Every structure is written in structure tokens, then in C-alpha cells.
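Engineer: output the structure for:
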Amino acid sequence: MKRKPANRPKGGVLAVISALMVGSAAIRVGLEAGPALAKTTEPAAFESNKTQVDQPGAQELLTALLRREEALKDREAALLVKEKALGIADQAIENRLVALQEAEENLRETLAYAEKAAETDLTRLTDVYQSMKPKDAAALFETMDPKFAAGFLSRMPSDAAAGVLAGLSPEAAYTISVIMAGRNASAPQE
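Structural biologist: Purely as a prediction, here's the structure:
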């Protein structure tokens, strides 16, 4: 699943490279067509062309065109290097995205496993507390943090929870009851 970066111009690099290649081809045809035509023409015609090439400024123009061609070749090579670097960077990003997605999936699986194991442990412990005599369970719940105790009591069947609450001191029973009653008070109503 290859994604293009949002800030990358669409087709810009290819258009520049194409323009450079067409320009380079035009310069080459212009420079190499003269000698080829000279070989096919008669010497007299060549002499008339020679006088045109010897006109003032022709040599400077030819030198300038050759320099420009070299500059275009250098720019083309630099663009190809940049394009290759972008391709390598894209591949590295793609590989990292795949690795990140795999790590995320592994983390989800680990969290799901841990959540299931924690739920199993809580269910077993709740079963142990509800199977105890209410008086013994109440003594244990009296020493627990009220929020912790409220969590177990809310998981128990109401008759088992009532037996444990009845065995608690009035202050502990009230605190746990308030916590249990207020647990879902902040939940959205709709």
C-alpha cells in the first residue's frame, strides 16, 4: 500500500526531465547535423556554408550552446540522483509503515490477551469472595480500599453483595455504596 506524500508535486519531476531530454536532443541534432550534411553536399556548397559559420559570433554561440548542454546534462544527472533518493526514501517509509502496522497489531493482540487474563482473574476472585461466608468476606472487605471493594461488590450477585455489605461497619458500607452508586453518574445519558 504505497502512499504518496501530500506535499510532493504530481508529475513535476518527470516533466522537467522530459524537457531536459528534448532540449538535449535538439542541441545534439543541431550540432551533429552540420557535419553529416557537409559529407553529403558538394564541396562548393560546403564552402558557402563555411563562410556562414565563420561569421562573427558564431563560434561564441556554439561555445555557449555547448556549455548550456553540459549544464543541462549536469542538471539532468542531479535530478536523476534526487529521484533515486526519493524512491529509496519512499521505500524506507513504506517499510516503516508496514513495521509500525505489524507492531500495532501485535500490541492489540497483547492488550486483548492481557485484558482477557485480567478479566478471568477478577471473575475468579469475585467467585471466591462470593463463596465465602458473608461475615468472613465482610472482614476482608473492611480492610480493602473502598473503590477496590466496590468493584468486587458490583460484580457479585445482589444477594451475595448484600450479605457482605450487611457485615461491614456502617461507615465502610456507606462509602462503598456511594462509590457504587456514583460509578456511572458521569456516563453520557444519551
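Engineer: what pLDDT does the model give Pro134?
Structural biologist: With respect to pLDDT, Pro134 scores 89.
Engineer: give the buried residues for stretch 120-127.
Structural biologist: By neighbour count on 16 or more other C-beta atoms under 10 Å, the buried set for stretch 120-127 is Thr126. Yep, even glycine has a C-beta here, placed from its N, CA and C like the rest.
Engineer: following the worst-scoring helix or strand of the chain on mean pLDDT in sequence, what is the next regular element?
Structural biologist: Least confident helix or strand of the chain, by mean pLDDT, DSSP states H and E, is helix 43-53 with a mean of 50. Note on helix 43-53: by DSSP states H and E, the next helix or strand toward the C-terminus is helix 58-131.
Engineer: report the distance from that following helix to the chain centre.
Structural biologist: Its chain's C-alpha centre and that of helix 58-131 lie 6 Å apart, by C-alpha atoms, centre = their mean, to the nearest Å.
Engineer: what mean pLDDT would you report for that helix?
Structural biologist: Helix 58-131 comes out with an average pLDDT of 93.
Engineer: packing partners of it?
Structural biologist: Under the contact definition 3 or more C-beta pairs under 8 Å, 6 or more residues apart in numbering; DSSP states H and E, helix 58-131 sits against helix 12-40, helix 134-143, helix 146-155, helix 158-167.
Engineer: quick one: closest of those helices to Ala118.
Structural biologist: Ranking the helices and strands packed on helix 58-131 by proximity to Ala118 (C-beta to C-beta) places helix 146-155 first, at 12.0 Å.
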